[in-house]
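Colleague: Give me coordinates for this.
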Amino acid sequence: MSEQYFSPEMTVDEAFRMHAGARRVFARFHLGGCSNCAISETHTIGAISVDYGIPLPMLLDSLNALFEGSPLAIGTRVRIPDEIRAKIPQLATVPEIGEITGMESGAYTADFGDVRLQGLAEDFIAVAPEAAAG
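Modeller: Sure thing, here's the model as predicted:
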């Protein structure tokens, strides 16, 4: 990994503000979800590594990986993955194709007709231009 965005001295709050996906990374390590694994927003990433026995390079690599890959651009046509649609009954009436209309701190906003959804890049699937037209 060439560029480091997160550092051991960074607090959890700073990590959350830097990228919306940081919450999911901490959750994958079972941090922050219950009283036994609660983390304070003033806790540093380095302290979390020590306190919870998570190797620091592994934790930092997982956080910094949030900035890898091909991000969605404003105007990209997207659809909601079937596994997400299946879990949320309210999405049954949402149009199949939407468009990315905003992005901030790793979170995307997509408009599907009159419905506006927010999520990470992994919450949307880019649609080829010819598929979106048809």
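Colleague: residue boundaries of the strands in the protein?
Modeller: Secondary structure of the chain (DSSP state E): strands at 77-79, 98-104, 107-112, 115-119, 125-126.
Colleague: Out of those, the one nearest residue 71 is which?
Modeller: strand 98-104 (7.5 Å; C-beta to C-beta). The C-beta positions use only the backbone N, C-alpha and C, and glycine is treated the same way.
Colleague: Show me how the record splits this structure into domains.
Modeller: Using automatic domain parsing, the domain parsing of the chain gives 12-67, 77-133.
Colleague: ok, how many other residues are close to the closest residue to residue 129 other than its chain neighbours?
Modeller: Excluding the flanking residues, the one nearest residue 129 by C-beta to C-beta, 6 or more residues apart in numbering is residue 77, at 7.0 Å. Neighbour count of residue 77, defined by other C-beta atoms under 10 Å: 19.
Colleague: residue ranges with poor pLDDT in the chain?
Modeller: Counting by pLDDT under 70, the ranges of the chain that qualify are 1-3, 32-38, 69-70, 130-134.
Colleague: separation between the residue nearest the centre of it and residue 49?
Modeller: Compute the mean C-alpha point of the chain, and by C-alpha atoms, centre = their mean the closest residue is residue 21, 3.0 Å away. Per C-beta to C-beta, to the nearest Å, residue 21 is found 18 Å from residue 49.
Colleague: Equivalent analysis for residue 5, please.
Modeller: Counting by C-beta to C-beta - residue 5 and residue 49 are separated by 16 Å.
Colleague: what's the answer for residue 7, then?
Modeller: Using C-beta to C-beta, residue 7 is found at 12 Å from residue 49.
Colleague: What segments of this protein are helices?
Modeller: 12-18, 22-28, 45-52, 56-64, 82-87, 129-133 (DSSP state H).
Colleague: Okay then, goodbye and thanks.
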